[in-house]
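K.L.:
The following comprises the amino acid sequence and a computationally predicted model.
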Amino acid sequence: MAKFIFITGGVVSGLGKGITGSSLGVLLKQSGVKVFMQKFDPYLNIDPGTMNPIEHGEVFVTDDGGETDLDLGHYERFIDEKLLRNSSTSAGKIYSEALDKERMGQYQGKTVQVIPHITNLIKEKIYKAEEVSGADVIISEIGGTVGDIESQPFVEAIRQVRMEKGYDNVMFIHVALLPYLRVSAEYKTKPIQHSVKEMLSLGIQPDVIVARTEGEIEDRLKGKISLFCNIAKENVIVCPDSDSIYKVPLIIKETNLHKIVANHLNLNLKELDLSGWEKFVSNIDESKEEIKIHLVGKYVELSDAYLSVMESLKIAGYEIKKKVKIVWVNARTLTKDNLEKELEGTKGILVPGGFGESGIEGKILAANYARINNVPYLGICLGMQIACIEFARNVLGLENAHTTELNPKTNYPIIDIIEGKDREKIGGTLRLGRYETSLVENTLASKLYNSSTAIERHRHRYEFNNEFKDQFEKAGMVFSGMYDKEDLVEIIEIPSHKFFIASQYHPEFTSRPNKPNPLFMGFVQAVNDNK
Ligand code: GLN
């Protein structure tokens, strides 16, 4: 039977519950425990797929095609396990399931209530994770802050899980802010006390407090938290701010949280092997010299909108001990007139994925700039599509060539909706999740992957239109990756260029510490070599 760890948040959100949970996951996994993670979000949207990236950050895509919360990206990068669409559940998804059941008469006319119907559905998801993952330990993060109206059903559900699974099999870790008051130069424990009181009123006594602080604290404060929150002093963990999220597993290791957890849950830990992680962190510390990459996107107001792209760039940079600095370029305001100024001195340009009209012409200008100035270019999804449109317009002379997503009447529909055998309702549905790309021999793509195939994740609706393939090839573009089953273009490259490659899939979802995605690694290396 699996053991369950629930991570809740106290005082404020944004404390890094996900990073704390993932770090614990790393320590347990590296001690021989099979770990799985999941996230519960209190918002009423059914999934993050249609949420505004500027408000909510990126949509992380799982192997099985789930459009999930960006925290799952952290989980995967940390514990290096493939999570599933089920690993991300919002209150909206739960309520919508309950209402569907009600409409289908499955509640047989009973009054449908938050308790037990909503809480039962939440518990079903928690227990389902045990079934689908076969993990020894399932770490579940409850989004938001304890005390929020929206998160109450989740807190009630996890309280019930302890009753159903038993004290020894369930653990509650409460991550809460221990604020520092600059005026009086002291830490204040009162907010944590109140937060624990709030949890107690909901029937949960946390087993561990992770106090999030700005720096180290005096030992007596731990004693104070222990005394007023009914928690053994050794179970009061202090986790100070860190300059890199990847250092948190090492910080948590020093607190022995993994041992406290193993003790409570009766887990047998093998000797902890963090050597790979330590090497990665020492690379981070040795990465002093910066390399700049221009990222031309339209959600540049919130860097979280490109979280996995950013992390993939950083991870690839650390591999060659370089600190990647991203220069954000707003595609919406990029024009012929300011292009030179905005991209001045650029050593590498990345155009990420996106949907909708705004910023398209700016992105096309950036791809053009990269191509004609021999600047390394990495295009992702829409970034591949616009690179093809640019090539069609400016190399093939196909005036106003476009994607039918944005100009359905174009004479040259370079990017179009393609009937696919694997997708039933083409037009309405996205191509989501994992597909295998066959790589053409002796191309940049096959060299970077050092393989004849690449398995990567997708999230898009439109595809390259094969009617134009011949024309592109004659003019020097190479289609170096294909999804054979549906004859879909996955990767394009221009061999006469220093480094120009773009993929229809999203390579950013598979970068891991010490294991950068090959396209990102090749790109960052090319930028570094571009003196
Ligand atoms: N909007 C494009 C499509 O649907 C690209 C999507 C993306 O970049 N994720 O095909």
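P.N.:
Structure's in. What do you need?

K.L.:
Check which helix or strand the residue nearest the centre of the chain maps to.
P.N.:
Most central in the chain under C-alpha atoms, centre = their mean is G73, positioned 2.5 Å from the mean C-alpha point. Using DSSP states H and E, G73 falls within helix 71-79.

K.L.:
next helix or strand past the helix or strand bottoming out on mean pLDDT in the chain?
P.N.:
When the helices and strands of the chain are scored by mean pLDDT, DSSP states H and E, helix 53-56 comes last with a mean of 85. Next along the chain after helix 53-56, taking DSSP H and E as the criterion, comes strand 60-61.

K.L.:
Check whether that next one comes near the ligand.
P.N.:
No. For strand 60-61, no contact with the ligand is found by C-beta under 6 Å from any ligand atom; the gap never falls below 9.1 Å. (C-beta placed from N, C-alpha, C; glycine too.)

K.L.:
which residues touch that strand?
P.N.:
Identification of contacts with strand 60-61 by C-beta atoms under 8 Å, 6 or more residues apart in numbering yields 48, 67-73, 76, 307-308, 432-433, 457-459, 506, 509.

K.L.:
so for it, what's the average pLDDT?
P.N.:
In this model, strand 60-61 carries a mean pLDDT of 96.

K.L.:
same question, stretch 280-296
P.N.:
So the average pLDDT for stretch 280-296 ends up being 97.

K.L.:
Could you do stretch 312-320 as well?
P.N.:
Rounded mean pLDDT across stretch 312-320 is 98.

K.L.:
likewise stretch 472-485?
P.N.:
pLDDT averaged over stretch 472-485 gives 97.

K.L.:
Only the buried residues of that stretch, if you could.
P.N.:
For stretch 472-485, the neighbour count (16 or more other C-beta atoms under 10 Å) marks 472, 477-483 as buried.

K.L.:
Just the residues you listed: which are in strands?
P.N.:
478-483 (DSSP state E).

K.L.:
circling back: return the list of helices and strands in contact with the helix holding G73.
P.N.:
The helices and strands touching helix 71-79, judged by 3 or more C-beta pairs under 8 Å, 6 or more residues apart in numbering; DSSP states H and E, are helix 17-29, strand 35-41, strand 60-61, helix 307-319.

K.L.:
Now with 7 Å, please.
P.N.:
When contacts are defined as 3 or more C-beta pairs under 7 Å, 6 or more residues apart in numbering; DSSP states H and E, helix 71-79 packs onto helix 17-29, strand 35-41, helix 307-319.

K.L.:
Count residues in the vicinity of the residue nearest to R393 when sequence neighbours are not counted, would you?
P.N.:
For R393, ignoring the flanking residues on the chain, the nearest one in space by C-beta to C-beta, 6 or more residues apart in numbering is A401 at 5.0 Å. Residues lying near A401 (other C-beta atoms under 10 Å) number 23.

K.L.:
From N411, how far off is A401?
P.N.:
Per C-beta to C-beta, to the nearest Å, A401 is found 8 Å from N411.

K.L.:
which is the next helix or strand following the helix holding G73?
P.N.:
The helix or strand immediately downstream of helix 71-79 is strand 88-90, counting by DSSP H and E.

K.L.:
In its sheet, which strands sit next to that next one, and in what direction?
P.N.:
Strand pairing for strand 88-90, determined by DSSP bridges: strand 35-41 (parallel).

K.L.:
Just the residues contacting the partner strand, thanks.
P.N.:
The contact list for strand 35-41 (C-beta atoms under 7 Å, 6 or more residues apart in numbering) reads 21-22, 25, 28-29, 69, 71-72, 75, 79, 81, 83, 87-91, 129, 133, 135, 137-143, 154.

K.L.:
Could you check the angle that strand makes with helix 17-29?
P.N.:
Orientation check (axes from the mean of the first three to the mean of the last three C-alpha atoms, to 10 degrees): strand 35-41 against helix 17-29 gives 170 degrees.

K.L.:
Tell me how far strand 35-41 lies from the chain's centre.
P.N.:
Relative to its parent chain, strand 35-41 has a centroid offset of 13 Å by C-alpha atoms, centre = their mean, to the nearest Å.

K.L.:
could you give me the average pLDDT of that strand?
P.N.:
96.

K.L.:
ok now do the residue lying closest to L70 once chain neighbours are set aside, which residues does it touch?
P.N.:
Spatial nearest neighbour of L70, chain neighbours left out: G57 (4.5 Å); criterion: C-beta to C-beta, 6+ apart. By C-beta under 7 Å, 6+ apart, G57 lies in contact with 70, 302, 304-305, 307.
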